[in-house]
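K.L.:
structural data only, the sequence is not supplied:
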C-alpha cells in the first residue's frame, strides 16, 4: 500500500516535470497517452470490474468531443463549455444507451453497444450542422480560473491534473462498497440478485460513470487536437480502447494506463517504419487474447508474484 | 412518387435484405453452434469479394468466381477455427469475441497489402448485365438475380437443416453440443464444418455484393454493423429470425433514404432500438435467461 502511493506520487511528479526535459513531440505523445489512458480506464471500470464488455465505448468519447467542440466554438471557451457540459451530455447519452443495453448481457450487450456507437457515427456523418464528414475544426482551448490553456505549460498541467483526478476517483470507486458490488456482479450476477442487490441499477450506474469519464476524455481530446470528426465514433476507437485495456490487463486501472502508453508509443514508433500498423495491431490483440489474457499486469503478477 | 418508383425501391430493399440474409445467416449459424459472435464475419465478406475479383481476373467468369471464392473463404475459416478458436473453447466466451475482433484488423490490412486501398468493382455476369422493365420503370436485372439467388439459398438451407441427417446433427449441436458429442458425433469436426460453412456463406455474399457495392478494404467492417443489427432484430441463432430481420432491415434502409435522406443512416438503429425495447431477445430468439 505504502509503496504504491509512493510510486504513484513519483509517477505524477515525473509526468508533471516531463516537459522540462523533453521536446515538444514527446510531450504531445505523453498528453495523448494520458487522454487515452483516461478513456481506457473508464472502459476498464465496465470491463474489468462490472464485467460488461462494451464494444461501443467510443459513443461517449465522441459525444464528449462533439459537445465540447460545439460549445467551445459557439458559447465561449470556459470550464462550463469545455468540461461540464460535455460530461453532462455524455452522462445523459450513457443513461439512454445503458437503459437499452443492460437489459441484455454477454454477446448481445457487445452487439448493442457496438450498434449504438455506430448510430452516432451515422448521425454525425450526415448532419450538416455537425460538420458532416469533416467534423468541427478550429476548436479553441478554454480559459480555466484565469489560466489560458492555449499555452503549452498550462495545457500540460491541465491534462495531467485530469489524468490524476480520474485515476484517484476511479480508484476510490473500485475500492468503495459500490465497487465491490460491481465485482460481485462480475463474478456471479444471479447470486448478487438473490442476495438482494438491484443489479441492473448498479450496472446502469457503472455504465453512466464510465460514459461520463469517457465523455471527459473526448472533450480533452477535442481540446488537444483542436477538432473532432465522425471518426471518433467509429468502431476502431472503441477497439483501440479495448486493446489498451487488454494489453495492460483488465481489472487493473493502472493496466489501462500502461496499455494506453504501450499502444501510443508502439503506434508512433511502428507507423514511422511501416504501413502495416493495422496488421501488427491485430496480431498483438490476438496474441494477448491467446497467450496473455491477463495482460502485462497479469503476466507480471504471475511471474514475480506481484500482489494486487 | 410513381408506383414504378415505389416498386423499384421495394425491390432494392429486397435485394439488399437478401444480401444481408446471406451474410447474417452465417453469423447466426456460427453463434448457434459455437456460441461465438464472429466479429470477423464482415471480413469474410470482404475476403469473398476480393477472392472473387482474383478469380474473375484469372478465369473471366463470374460463375466460377461465385463457386471458387466461397471455397477459399471457407478454407480460411476452417483454418482459423482449428488453429486459434479451438484452444479458446474452455475460456469465457468473450475471449473468443475479442479474438475475432483482432482478426478484423489483420484481414483488412492483408487485403490492403495485396490489393491496395483503391475501390474496385466486380462486373455483373453478362447474363444479368442489362435491366428489365417493371411497370414502366427500368430495374437492373442483376438485382432480381440476387433476390432469386438469396431466396433459393434460404430454401436450400432450410431443407438441409430441417430435412437431412447433417441438419439433424447441426440442430442437435445447437441445442446441446456436449450431449451431441456424447452420442458419438465428432462434434469438433462439426464445429469446424459449421464455422467453415458460415465463413463460406460470408464469402459468397461478398461475391454477390460485388456488382452492387464496390469492393474496398473497409467494406468488411462496414457491413458487419447491419449484419449484427439483423441478428439482434431477428434473434441470435435463429434462421427464421435472420431471414425476417434481413428483409426488415433491408426495407428500413431503403425507405429511410427515400423519406428521411438527412438521417437515413440512423434508420436501421431506430428499428433495432424498437425491437430491443419490446423484445430484448429479438423477434425469433430464445428468451434470455
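P.N.:
That came through, no problem. Because the structure is a prediction, the values reported are computed rather than measured.

K.L.:
show me what contacts the closest residue to chain A within the stretch 1-150 of chain B?
P.N.:
Per Cβ to the nearest Cβ, residue B:105 is where the stretch 1-150 of chain B lies closest to chain A, at 3.0 Å. (Each C-beta comes from the backbone N, C-alpha and C, glycine too.) Each residue near residue B:105 by Cβ atoms under 8 Å, 6 or more residues apart in numbering or on different chains is listed here: A:239, A:278, A:279, A:281, A:282, A:285.

K.L.:
just checking, next helix/strand downstream of the helix or strand that contains the fourth one?
P.N.:
By that I understand residue A:281. Residue A:281 is part of helix A:277-291 when elements are defined by DSSP states H and E. As assigned by DSSP H and E, the chain's next helix or strand after helix A:277-291 is helix A:295-304.

K.L.:
same for that following helix, what does it pack against?
P.N.:
Other helices and strands packing on helix A:295-304, by 3 or more Cβ pairs under 8 Å, 6 or more residues apart in numbering or on different chains; DSSP states H and E, are helix A:235-248, helix A:253-270.

K.L.:
mind running it again at 10 Å?
P.N.:
helix A:235-248, helix A:253-270, helix A:277-291 (3 or more Cβ pairs under 10 Å, 6 or more residues apart in numbering or on different chains; DSSP states H and E).

K.L.:
any chance of these in CSV, plus mean pLDDT?
P.N.:
Putting those into CSV (pLDDT from 0 to 100) gives the following:
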stretch, mean pLDDT
helix A:235-248, 87
helix A:253-270, 88
helix A:277-291, 87
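
K.L.:
help me confirm that residue A:207 comes into contact with residue A:97.
P.N.:
Yes: counting by Cβ atoms under 10 Å, residue A:207 touches residue A:97, with 7.7 Å between them.

K.L.:
shared neighbours, the two?
P.N.:
Listed as contacting both residue A:207 and residue A:97 by Cβ atoms under 10 Å, 6 or more residues apart in numbering or on different chains are A:54, A:60, A:113.

K.L.:
by neighbour count, which of those residues wins?
P.N.:
Among these, residue A:60 has the most neighbours (other Cβ atoms under 10 Å in any protein chain shown), with 36 neighbours.

K.L.:
quick one: what helix or strand has it in it?
P.N.:
helix A:58-74.

K.L.:
what about that helix and chain B, touching?
P.N.:
No: between helix A:58-74 and chain B, judged by Cβ under 10 Å from any Cβ of the partner chain, nothing touches; the nearest distance is 11.4 Å.

K.L.:
off-centre distance for that helix?
P.N.:
14 Å (Cα atoms, centre = their mean, to the nearest Å).

K.L.:
residue A:235 contacts residue B:225, correct?
P.N.:
Yes: using Cβ under 10 Å, residue A:235 and residue B:225 qualify as a contacting pair, with a distance of 7.6 Å.

K.L.:
so what sits against both of those two?
P.N.:
Common neighbours of residue A:235 and residue B:225 (Cβ under 10 Å, 6+ apart) are A:114, A:115, A:117, A:118, A:121.

K.L.:
just those residues that are near chain B?
P.N.:
Applying Cβ under 10 Å from any Cβ to the shared contacts of residue A:235 and residue B:225, those adjacent to chain B are A:114, A:115, A:117, A:118, A:121.

K.L.:
tell me, how many residues neighbour the last one?
P.N.:
The one in question is residue A:121. Neighbours of residue A:121 (other Cβ under 10 Å): 22.

K.L.:
where exactly do the helices run in chain A?
P.N.:
Secondary structure of chain A (DSSP state H): helices at A:2-21, A:24-44, A:58-74, A:79, A:85-101, A:107-126, A:152-175, A:177-187, A:189-195, A:199-225, A:235-248, A:253-270, A:277-291, A:295-304.

K.L.:
does the helix holding residue A:281 reach chain B?
P.N.:
Yes: contact between helix A:277-291 and chain B, assessed by Cβ under 10 Å from any Cβ, occurs at A:277-291.

K.L.:
report the angle between that helix and helix A:295-304.
P.N.:
40 degrees (axes from the mean of the first three to the mean of the last three Cα atoms, to 10 degrees).

K.L.:
now helix A:277-291, how far from the chain's geometric center?
P.N.:
20 Å.

K.L.:
so which elements touch that helix?
P.N.:
Checked by 3+ Cβ pairs under 10 Å, 6+ apart, helix A:277-291 has helix A:235-248, helix A:253-270, helix A:295-304, helix B:93-115 packed alongside it.

K.L.:
so is the first one next to chain B?
P.N.:
Yep, that's helix A:235-248 we're talking about. Yes: Helix A:235-248 lies within reach of chain B by Cβ under 10 Å from any Cβ, at A:235, A:236, A:238, A:239, A:240, A:242, A:243, A:246.

K.L.:
hang on, the earlier thing: ranking the helices and strands packed on helix A:295-304 by burial, who's on top?
P.N.:
helix A:235-248 (a mean of 26; mean count of other Cβ atoms under 10 Å in any protein chain shown).

K.L.:
could you check the angle that helix makes with helix A:199-225?
P.N.:
Going by the same axes, to 10 degrees, helix A:235-248 makes 100 degrees with helix A:199-225.

K.L.:
can you tell me which residues in the stretch 51-200 of chain A are near chain B?
P.N.:
Counting by Cβ under 10 Å from any Cβ, the stretch 51-200 of chain A sits next to chain B at A:51, A:53, A:55, A:96-97, A:99-101, A:103-112, A:114-128, A:189-190.

K.L.:
okay, now the unreliable bits of the stretch 1-150 of chain B?
P.N.:
Within the stretch 1-150 of chain B, the ranges that satisfy pLDDT under 70 run B:1.
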